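S.K.: here is the input, now give the coordinates:
(chains A and B)
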Number of protein chains: 2
Amino acid sequence: MALIVQKYGGTSVGSVERISAVADKVLATRAQGHDLVVVVSAMSGETDRLLKLAKSFADPPNSRELDVVLTTGEQVTIGLLGIALEARGCPARSYTGAQVRIVTDSAFTKARIVSIDDKPIRADLALGRVVVVAGFQGVDVEGNITTLGRGGSDTTAVALAAALKANECQIYTDVDGVYTTDPRIVPDARRLSRVCFEEMLEMASLGSKVLQIRSVEFASKYNVPLRVLSSFIEGPGTLIAPEDKTMEQALISGIAFNRDEAKLTLVGVPDRPGIAYQILADVADANVEVDMIIQNIGADGTTDFTFTVHRNDYKKALQLLQERASKLGVREVRGDNRIAKISVVGLGMRSHAGVASTMFKALANEGINIQMISTSEIKISVVVDEKYLELGVRALHAAFHLEEAGQK
Amino acid sequence: MALIVQKYGGTSVGSVERISAVADKVLATRAQGHDLVVVVSAMSGETDRLLKLAKSFADPPNSRELDVVLTTGEQVTIGLLGIALEARGCPARSYTGAQVRIVTDSAFTKARIVSIDDKPIRADLALGRVVVVAGFQGVDVEGNITTLGRGGSDTTAVALAAALKANECQIYTDVDGVYTTDPRIVPDARRLSRVCFEEMLEMASLGSKVLQIRSVEFASKYNVPLRVLSSFIEGPGTLIAPEDKTMEQALISGIAFNRDEAKLTLVGVPDRPGIAYQILADVADANVEVDMIIQNIGADGTTDFTFTVHRNDYKKALQLLQERASKLGVREVRGDNRIAKISVVGLGMRSHAGVASTMFKALANEGINIQMISTSEIKISVVVDEKYLELGVRALHAAFHLEEAGQK
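M.R.: The predicted structure is shown next:
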């Protein structure tokens, strides 16, 4: 008998029929003799509806009051699932974030979990109840209602699993696991049966939308085995867990990509200490987040400085740099928002040489020019013209033979 | 400077525009220098929507979980009003029933208030904040979410006013006060500027839908002056307060009526002790509430026993009595669900004779036969054929000259 935390997202609880299907799934898990805590999101579309309603009064709305409004979405779902379970003869008890006492800081709309009181949940489980908890929400020490920000339900599930020392945290979504890359681009992309936290973190940060990066960080920190499963298709999904040292590591786990970036280049930057800081401080002050940064030292005492930002921030960043260009002594500001980032991710590359050369060769064979390169211990990213995105992903997927079932 | 509790019902907060109008009204009251606590209902239609959603899983739904679902309606409104107030530069803070700690018993869907912690509200008021509280809801000592039943928002407002010793509790509705009778039936019905608790209780229990009887009882018990006002039309409304001994009392305050009743008669009941108890115990066991009861002693050692029930319970009660008739030794069971009750209400009748004769004469003049009569210290009710309802109300309104502004 295990203790399992299951999390069902908005699509999985998007209608009366789907909530009923979740209730049936919960009963099936319980019939296997497991103790069960279920975390649910708001019914799909509900959070957007509430946000729009709130914004019709003020944009941005007061953040404390906004959280009071938004948290009702999950509260409706927990009550409905509680009713559905009780109607099936399954003792159940629902809890809002405030009731279960998921204590957070007071950063409304993006609060961080500080502590969870696991006693009431353990008491309910001991009485044979299924515990249903509202995702995405908590309460600060003064009793104010808070939310964890978008995707916060995953974080709630992982945090509960950590607090309860659950055997597994199962995240039910509309995909049946983590793939070597997006199957819409590479039809023979393969579902990974297992991936480690570090790889999943890189893949999430590189644009794989299966899990919120924050919940993966949380799971990694507290060593909670995560499993991504489909609410609609039966199957084992993908287990995200600590690195399995007993197995030989596949070279590469997957190809991630991201077309949400834009590139900015300052040409002819005076090559003096502190210049990079000066440029980026201005950008950071404007609340623009910077991803990749590259600086090449030139021959003439100047340097070219290139970085990428989210495509939504492109215009703002470009305008800012153009205004500051003369003050910074920069010759020219160039921008390009038609770029894409492609990354290969894999623990195996730590111990195997040649990943970079295989990658660059595969791209060169297709005539794809690399504009920027950035590397970490388990990832190599390149920026290319966005028109090469699909071609590049397919070429790399083939070059690393990811369609073949390896050890994963 | 006064402390005022205002309550806005579902229609008054039924749309973005109306919530904005409420925010403006709150600001106007505050500009007069008053401290303000605002109680709001769910947006009109929302509670019904949530109830329907819950019932699609089970009917009746688990009552604890149903309350979790239903309370989200008011929670959305408090957050939205909080946002609207903050956007107008008015410091505001919203509270759910659980947050403000309106502690109730654990009778889910119909809980009763046990205590209210006024400290957090007083602290907010001292900081110049408007306090917005969700009506209709509370929390039991174990932290479970509860609701007070339909119309519970009025009760919340009065209970808060009592706990805070507020100067006045203003109930904003879609009518601009309490009238001598329903203006749809008597066009020259007059708004009462003042009515006492006892009269209002009689009028509410006799079918005047302006206020929930429970909130009037509460106000009377704790001596909270209540004022009924319109959210849409400016005006002083009607003050419901303790009897004003300094003013000469009008004879009659109003004509109430009710077409929701049905009449049941047991003919030829053996006239022996305990028979009334035996009949009514059966009815009560079936959860049927009885209103008027009349028993006439006959000459032949039997008696006729007549009582009224809510029209919705008519069929159930009739069937029950027919089944028990022979056991009770009753000759015949008769029923009539085409009746109406008309009542004259007024403190003045305590000290003035002749109210009953004026009433009966006015009805006789119109050829209206009286089927049943029931009296209390400040009310006389008659049951007539429902086809005479409008005629009877108009005749009585004229007979007591209620169209003329009296002392009220």
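
S.K.: residue numbers of chain A in contact with chain B?
M.R.: Neighbours of chain B within chain A, by Cβ under 8 Å from any Cβ of the partner chain: A:16, A:19-20, A:50, A:53-54, A:56-58, A:61-62, A:64-72, A:75-76, A:78-80, A:82-84, A:86-87, A:92-94, A:96, A:98-99, A:143-145. (Each C-beta comes from the backbone N, C-alpha and C, glycine too.)

S.K.: tell me where the model's unsure across the stretch 1-150 of chain A.
M.R.: For the stretch 1-150 of chain A, applying pLDDT under 70 flags the ranges A:150.

S.K.: go on, the stretch 151-300 of chain A?
M.R.: In the stretch 151-300 of chain A, residues with pLDDT under 70: A:205-208, A:246-249, A:299.

S.K.: for the residue of chain A positioned farthest from its centre, what are its contacts?
M.R.: Farthest-out residue of chain A from its mean C-alpha position, per Cα atoms, centre = their mean: A:Asp300, at 42.8 Å. Not one residue lies near A:Asp300 by Cβ atoms under 8 Å, 6 or more residues apart in numbering or on different chains.

S.K.: now the closest residue to A:Val355 other than its chain neighbours: how far from chain B?
M.R.: Leaving aside its sequence neighbours, A:Val355 sits nearest to A:Met349 (Cβ to Cβ, 6 or more residues apart in numbering or on different chains; 4.3 Å). Noted for A:Met349: a distance of 49 Å to chain B, by Cβ to the nearest Cβ, to the nearest Å.

S.K.: how about the strands in the stretch 101-250 of chain A?
M.R.: With strands called from DSSP state E, counting those that start in this stretch, the stretch 101-250 of chain A shows them at A:102-104, A:113-116, A:130-134, A:137-139, A:145-147, A:168-173, A:194-196, A:226-230, A:238-241.

S.K.: who does the third one touch, helix- and strand-wise?
M.R.: The reference is to strand A:130-134. Judged by 3 or more Cβ pairs under 8 Å, 6 or more residues apart in numbering or on different chains; DSSP states H and E, strand A:130-134 is in contact with strand A:35-40, helix A:72-87, strand A:92-95, helix A:97-100, helix A:119-126, helix A:152-163.

S.K.: ditto for the longest one
M.R.: Strand A:168-173 sits against strand A:3-8, helix A:152-163, strand A:226-230, with contacts defined as 3+ Cβ pairs under 8 Å, 6+ apart.

S.K.: number of residues surrounding A:Ser106?
M.R.: When neighbours are defined as other Cβ atoms under 10 Å in any protein chain shown, A:Ser106 has 14 of them.

S.K.: just checking, it touches A:Glu142?
M.R.: Yes - applying Cβ atoms under 8 Å as the test, A:Ser106 and A:Glu142 come out as touching, 7.2 Å apart.

S.K.: excluding residues flanking it in the chain, which one is nearest the closest residue to chain B within the stretch 101-250 of chain A?
M.R.: The minimum distance from the stretch 101-250 of chain A to chain B, using Cβ to the nearest Cβ, falls at A:Gly143 (5.6 Å). Closest residue in space to A:Gly143, ignoring its immediate chain neighbours: B:Gln99 at 5.6 Å, by Cβ to Cβ, 6+ apart.

S.K.: let me see the contact set for that neighbour.
M.R.: Going by Cβ under 8 Å, 6+ apart, B:Gln99 touches A:Ala98, A:Gly143, A:Asn144, A:Ile145, B:Pro120.

S.K.: buried subset of those residues, written for ChimeraX?
M.R.: Buried residues among the contacts of B:Gln99 (16 or more other Cβ atoms under 10 Å in any protein chain shown), as a ChimeraX selection:
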select /A:98,144,145 /B:120
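
S.K.: return the backbone torsion pair for the most centrally placed residue in chain A.
M.R.: Per Cα atoms, centre = their mean, the C-alpha nearest to the average position across chain A is that of A:Gln212, at 2.4 Å. Here is the backbone geometry of A:Gln212 (degrees, to the nearest 10): phi -70, psi 130.

S.K.: that one reaches A:Gly151, doesn't it?
M.R.: Yes - using Cβ under 8 Å, A:Gln212 is in contact with A:Gly151, at 3.6 Å.

S.K.: and chain A, what are its domains?
M.R.: According to automatic domain parsing, chain A comprises the domains A:3-244, A:248-401.

S.K.: got CSV for those, with distance to B:Ile378 too?
M.R.: As requested, the domains of chain A are arranged in CSV below (distance: least, Cβ to Cβ, whole Å):
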stretch, distance to B:Ile378
domain A:3-244, 44
domain A:248-401, 68
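
S.K.: residues near the closest residue to chain B within the stretch 251-400 of chain A, how many?
M.R.: Nearest to chain B, among the residues of the stretch 251-400 of chain A, is A:Asn287, at 22.1 Å (Cβ to the nearest Cβ). The tally of other residues near A:Asn287 (other Cβ under 10 Å) stands at 8.

S.K.: go on, the one 3 residues further on?
M.R.: When neighbours are counted by other Cβ under 10 Å, A:Val290 registers 16.

S.K.: that one: what's its closest spatial neighbour, skipping adjacent residues?
M.R.: Spatial nearest neighbour of A:Val290, excluding adjacent residues (Cβ to Cβ, 6+ apart): A:Phe307 at 5.0 Å.

S.K.: on the three-state scheme, the one you found is what?
M.R.: Under DSSP: H, G, I helix; E, B strand; the rest coil, A:Phe307 falls in the strand class.

S.K.: what about it, how many residues nearby?
M.R.: By the criterion of other Cβ under 10 Å, A:Phe307 has 23 neighbours.

S.K.: can I assume it is in contact with A:Val288?
M.R.: No - between A:Phe307 and A:Val288 there is no contact under Cβ under 8 Å: 9.8 Å.

S.K.: on that earlier part again, return the backbone torsion pair for the residue of the stretch 251-400 of chain A closest to chain B.
M.R.: The phi/psi pair for A:Asn287 (degrees, to the nearest 10) reads phi 60, psi 30.

S.K.: how close does it sit to A:Ile233?
M.R.: Per Cβ to Cβ, to the nearest Å, A:Asn287 is found 40 Å from A:Ile233.

S.K.: dump the C-alpha coordinates for stretch A:26-43 into CSV.
M.R.: What follows is stretch A:26-43, C-alpha atoms only, in CSV (Å, rounded to 0.1, in the frame of the first residue of the first chain):
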residue,chain,number,x,y,z
VAL,A,26,-9.7,8.0,-8.0
LEU,A,27,-11.9,5.0,-7.1
ALA,A,28,-9.8,2.7,-9.2
THR,A,29,-6.5,3.8,-7.5
ARG,A,30,-8.2,3.4,-4.2
ALA,A,31,-9.3,-0.1,-5.1
GLN,A,32,-5.6,-1.0,-5.4
GLY,A,33,-5.3,-0.3,-1.7
HIS,A,34,-3.5,3.1,-2.0
ASP,A,35,-4.1,6.1,0.2
LEU,A,36,-4.9,9.1,-2.0
VAL,A,37,-4.6,12.8,-1.9
VAL,A,38,-6.0,14.5,-5.0
VAL,A,39,-5.1,18.0,-6.1
VAL,A,40,-7.3,19.7,-8.7
SER,A,41,-7.2,22.9,-10.8
ALA,A,42,-10.0,25.2,-11.8
MET,A,43,-12.3,23.9,-14.6
